[in-house]
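A.B. asks: sequence first, then the predicted structure, then my questions.
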Amino acid sequence: MNRIKKNLELIIKRFLWLLLLQFFLHTFVTYVLKFEWKVMSIVRMRKEILILILSIFIVRYLIKKLNREKLKELWQNFPLKKFLFIFLTINIIAFAISFFNSSISNFIISIRYSMMGFFLFILFYLISYLFFDQKAESLNIRYSKIIKYILWWALIRRWLIRLVPNLMRFFGYNPWTYEWEVGSQPPAVYYTQYKEWFVRNQFLFERPISLWFFLVVFWPLFFMSVLYKKGPKSWIFWWWLYGLILLSTFSRAAWWAWIVQTILMFLFLYWKNRKKLFLYFFIPTILLLAIVTYYGRDQIIHRQYSNTWHIKEVLLAIEKIKSSWFLGLWAASAGPASHHLPDWQAYNPENQYLQIWLEYWLIVFIWWMILYIYLHLIGFWAWRENRSSKKGSKDTKHMSLVLLAFSLWLFGLSIEWFVLHSFVDRMIVYPFITLFAIYYANYHKNNLLQK
């Protein structure tokens, strides 16, 4: 059993670390080693391969190592059995719909995006529930501290591109490629407009959107695990550095998601000091955004391509839903999955919620949203119960705050998902769902959540 635990922990560490190196591996394999795209596809599939291996291991362990009585006891005491039941039910319904009005292959392509977040949550929850004891805390702290290095190097890279753009040629980048020429070689440093000195920060990530998605997701966990205990004097610096790097991605969705997320987090933690919060943080932040918006108004307010494109796609998605509001279209008919169908014109509504509705039956969409909202509520339930309990220890309080951080990162991205679809597409969501599930299982095992 000890050997199994060590191997599982090692696999999960490698899984999380490789996810952070996605763009580096992409650049190195294709532009330095000159491998073909088929090889690159295998490299990009490494996370799915690891997930498959872990899934087979768990199924094999349950079948071979546990007898009927132990399996029955496990199911009776398993905290996520309702979540698992709903997940399996909606996938069976979606499969049946695809079998009659589409194809099984389309269903498989679709669930890889639409259901993967939930599947990962169940898989890593089960691994932690069966094998891990106190590993969740050490994993959390380790991956929360990684953000410090990402912030510093993203800042350095931003300065290099701004002050010495030709230096990036030595690292295989093209300083003259702008955002919607991402397919050209070598990889871009991401200008928002051609021949304008307006560089978007992406650091090691595949695109600027991947960097800001990572930062918005990581912020509550980084604050709770690294900064919260140190007090205002130590975390003010990191708060402003975080904001600076987010601003350097020039993503409007990221700015607003991060601000709303921060306001909620600070109100939860420092409600008694709300006057100081408004004076020292919220008002300066609003002023900073106003200044940036004024000087960057051409890219922020008048970025016509981005504005008109999102509005157009959302309106088109609404019209498609009106034509088939109950049954939807069919799996893989929208979103990133649709780009994999050679006989279908790819269509992405640029809205995660509309995408799920378009792909599946209305009932599937409703229950999908129930699972999705449940992930939001986990941290709020833990925080509320710990706050109302007079017997809670320091460890209990800390664990409830970390769970609150996980729910807050999901809430911040839910704002962004009105115009994008990161939960069902971006691989950056994988490490956070993994950590969330591991930590939540550890929380349950310590009998800290009363239902």
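C.D. replies: Good, I have the coordinates.

A.B. asks: which of the residues in stretch 61-81 are buried?
C.D. replies: Going by neighbour count (16 or more other Cβ atoms under 10 Å), the buried part of stretch 61-81 is Pro79, Leu80. C-beta coordinates here come from the backbone N, C-alpha and C atoms, glycine included.

A.B. asks: need the mean per-residue confidence for it.
C.D. replies: For stretch 61-81, mean pLDDT rounds to 80.

A.B. asks: next one: stretch 215-224
C.D. replies: On average, stretch 215-224 scores 86.

A.B. asks: centre of the chain to that stretch, how far?
C.D. replies: Distance of stretch 215-224 from the chain centroid (Cα atoms, centre = their mean, to the nearest Å) equals 11 Å.

A.B. asks: kindly report the same for stretch 110-117.
C.D. replies: For stretch 110-117, the separation from the chain centroid amounts to 13 Å (computed by Cα atoms, centre = their mean).

A.B. asks: buried residues in stretch 50-60, which are they?
C.D. replies: Applying 16+ other Cβ under 10 Å to stretch 50-60 flags Leu50, Ile51, Leu54, Ile58 as buried.

A.B. asks: what's the lengthiest helix in the chain packed up against?
C.D. replies: Longest helix in the chain, counting residues (DSSP state H): helix 135-163. Applying 3 or more Cβ pairs under 8 Å, 6 or more residues apart in numbering; DSSP states H and E, one finds that helix 135-163 makes contact with helix 2-20, helix 208-222, helix 232-248, helix 429-445.

A.B. asks: buried sites along that helix?
C.D. replies: For helix 135-163, the buried set under the neighbour-count rule, 16+ other Cβ under 10 Å, comprises 135-137, 139-140, 143-144, 147, 150-151, 154-155, 157-158, 160-161.

A.B. asks: repeat that for stretch 235-248.
C.D. replies: Those buried within stretch 235-248 under the rule 16+ other Cβ under 10 Å are Trp235, Trp238, Trp239, Tyr242, Gly243, Ile245, Leu246, Leu247, Ser248.

A.B. asks: low-confidence ranges, the stretch 301-450 of the chain, go.
C.D. replies: Across the stretch 301-450 of the chain, the ranges flagged by pLDDT under 70 are 301-310, 388-395, 419-428, 447-450.

A.B. asks: same thing but at 90, please
C.D. replies: Residue ranges of the stretch 301-450 of the chain with pLDDT under 90: 301-365, 379-403, 406, 408-436, 438-439, 441-450.

A.B. asks: tell me the one among the buried residues of stretch 235-248 nearest to Pro336.
C.D. replies: Ranked by distance to Pro336 (Cβ to Cβ), the buried residues of stretch 235-248 are led by Leu246 at 24.2 Å.

A.B. asks: would you check that the closest one makes contact with Trp258?
C.D. replies: Yes - between Leu246 and Trp258 there is a contact under Cβ atoms under 8 Å: 5.6 Å.

A.B. asks: dump the residue contacts of Ser8.
C.D. replies: Residue 8: Leu, not Ser. Leu54, Ile127, Phe131, Phe132 (Cβ atoms under 8 Å, 6 or more residues apart in numbering).

A.B. asks: centre of the chain to stretch 373-382, how far?
C.D. replies: Per Cα atoms, centre = their mean, the centroid offset for stretch 373-382 relative to its chain is 16 Å.

A.B. asks: run through who's touching it.
C.D. replies: Identification of contacts with stretch 373-382 by Cβ under 8 Å, 6+ apart yields 83, 121, 399-400, 403-408, 410-411, 414, 436, 440, 443, 448-449.

A.B. asks: so of those, which ones are in strands?
C.D. replies: Using DSSP state E, no member of the contacts of stretch 373-382 falls within strands.

A.B. asks: OK, contacts around Phe222?
C.D. replies: Contacts of Phe222 (Cβ under 8 Å, 6+ apart): Ser144, Ile147, Trp238, Tyr242.

A.B. asks: ok, the second one to Lys397 distance?
C.D. replies: Using Cβ to Cβ, to the nearest Å, one gets 22 Å for the distance from Ile147 to Lys397.

A.B. asks: wait, Phe436 touches Leu408, no?
C.D. replies: No - using Cβ under 8 Å as the test, Phe436 is too far from Leu408 to be in contact (11.3 Å).

A.B. asks: these two: who's more crowded?
C.D. replies: Comparing Phe436 with Leu408 by other Cβ atoms under 10 Å, the one with more neighbours is Phe436, at 29 against 26.

A.B. asks: how close does the residue lying closest to the more buried one once chain neighbours are set aside sit to Ser144?
C.D. replies: Distances taken as Cβ to Cβ, 6 or more residues apart in numbering place Phe406 nearest to Phe436, at 4.4 Å, with adjacent residues excluded. Taking Cβ to Cβ as the measure, Phe406 falls 12 Å from Ser144.

A.B. asks: try Trp325
C.D. replies: Using Cβ to Cβ, we find Trp325 at a distance of 43 Å from Ser144.

A.B. asks: cool, Phe95 as well?
C.D. replies: Note on Phe95: its distance to Ser144, by Cβ to Cβ, is 38 Å.

A.B. asks: also Ile363?
C.D. replies: 38 Å.

A.B. asks: can you redo the buried residues of stretch 50-60 as TSV with secondary structure, distance to Leu66 and pLDDT?
C.D. replies: TSV is the format used below for the buried residues of stretch 50-60 (DSSP: H, G, I helix; E, B strand; the rest coil; distance: Cβ to Cβ, whole Å; pLDDT from 0 to 100):
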residue	secondary structure	distance to Leu66	pLDDT
Leu50	helix	23	83
Ile51	helix	22	86
Leu54	helix	17	88
Ile58	helix	11	88
